[in-house]
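Visitor: Predicted model and sequence below, questions to follow.
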Amino acid sequence: MLNRPLRIGTRGSPMALAQTGMVRDRIVAANPGLETEIVVITTVADKVLDRPLSEIGGKGLFTKELEQALFADAVDVAVHSMKDVETWLPDGLVIACILERDDPRDAFLSPHADGFAGLKPGARVGTSSLRRGAQVLMRRPDLQIVPLRGNANTRMRKLEAGECDATLLAIAGLQRLGLESMARSVLETDDMLPAVAQGALGIECRADDEAVRALLAPVACARTTVAVGCERALLAELDGSCRTPIAALARIDGDRLQLDGLLFLPDGSRHWAVARSGSVADADAIGREAGAALKAAAGETYTQHLQ
């Protein structure tokens, strides 16, 4: 037990604060008597809202300032949506704990339809996610993808203001905000495969901080940790970033793991799929093998896209 409050670093968006409150409550429940302090840190991704992440540095912009605060000993832990965590962490930091995963699916929001099939040709789907945009265009090339940045509340306001005809948000995020009723439907993974680690929250800390790691251990979910690790292994093989539309979902049943992955061109004109299964004990190898298979299948087309 620390002899001072546990300093929990977080972004300041409503979603981030709601998630951090959930994480804090679970840590305190597992460590009775522990005091905590929430430290709000503004990231570049919170400041620059008029351009896609792929143009300003990628998803690491959600975590960079939080990681700097860890190195500066300004916070003890940082709470992240695992889908926003870069494939490779800075030396000296570690994701010490991944909580039990919530629903990984995407929600469809629109005042005009309950799903993509109900949208008129030419309708505008607002998203700055290359993964979501590619999957929309793969199934409905007659729709338009328009950029839509901002936190969940901001994107819903833009939808209401008519800046787009539909948008997509992670249903887990809406549930954490108590706004799941805003979803017209929840898309099955066969129709919209999630981002790597979508629905999972992770806690990052200094690798050598054994006292803090001991506090986090009781709230970690072994099953989610294995599944997310498998998906991130696939991502690592593909050198995944915000410039690359990649989707993956690992599901565990008993001691067996099923991994599905997709790699796209941003315009949805081409995609490559992979499915692998095996023992939970081989999760990392399954992910790496699946990623390598996708990379080989896409070949030069994928390499040229990265350049």
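Guide: That came in fine, so what should we check first? Being a predicted model, the structure only gives us computed values, none of them experimental.
Visitor: what's the following helix or strand after the helix or strand hosting Cys97?
Guide: Taking DSSP states H and E as the criterion, Cys97 maps to strand 93-98. Next in sequence after strand 93-98, counting helices and strands by DSSP H and E, comes strand 106-109.
Visitor: what residues does that following strand touch?
Guide: 114-116, 132, 156, 159, 166-171, 174, 180, 182-187, 192, 194, 198 (Cβ atoms under 8 Å, 6 or more residues apart in numbering). In short, each C-beta sits where N, CA and C put it, glycine included.
Visitor: Pull the contacting residues for Gln135.
Guide: 191-193, 245, 247, 262, 264, 268.
Visitor: Farthest pair within the residues you listed?
Guide: Using Cβ to Cβ, the two most remote members of those are Asp191 and Pro245, lying 15.4 Å apart.
Visitor: Pick out whichever of the two has more residues nearby.
Guide: Between Asp191 and Pro245, Pro245 has the larger neighbour count (other Cβ atoms under 10 Å), namely 25 against 16.
Visitor: Verify the stated contact: the more buried one with Leu130.
Guide: Yes: in this structure, Pro245 is within contact of Leu130 by Cβ atoms under 8 Å, at 4.1 Å.
Visitor: Now for Met156, how many residues are close by?
Guide: Met156 has 18 nearby residues by other Cβ under 10 Å.
Visitor: same question, the one 5 residues further on
Guide: Under the neighbour criterion other Cβ under 10 Å, Ala161 is assigned a count of 8.
Visitor: likewise Val40?
Guide: Using other Cβ under 10 Å, Val40 has 13 other residues around it.
Visitor: residue contacts, it?
Guide: 10-12, 17.
Visitor: after the strand or helix carrying Ala18 comes which helix or strand?
Guide: Here Ala18 is covered by helix 14-30, with elements defined by DSSP H and E. Per DSSP H and E, the first helix or strand lying C-terminal to helix 14-30 is strand 36-40.
Visitor: Provide the strand pairings for that following strand, with the direction of each partner.
Guide: strand 6-10 (parallel) (DSSP bridges).
Visitor: List the contacts of Phe264.
Guide: The neighbours of Phe264, taking Cβ under 8 Å, 6+ apart as the test, are 130-131, 134-135, 138, 245-247, 270-272.
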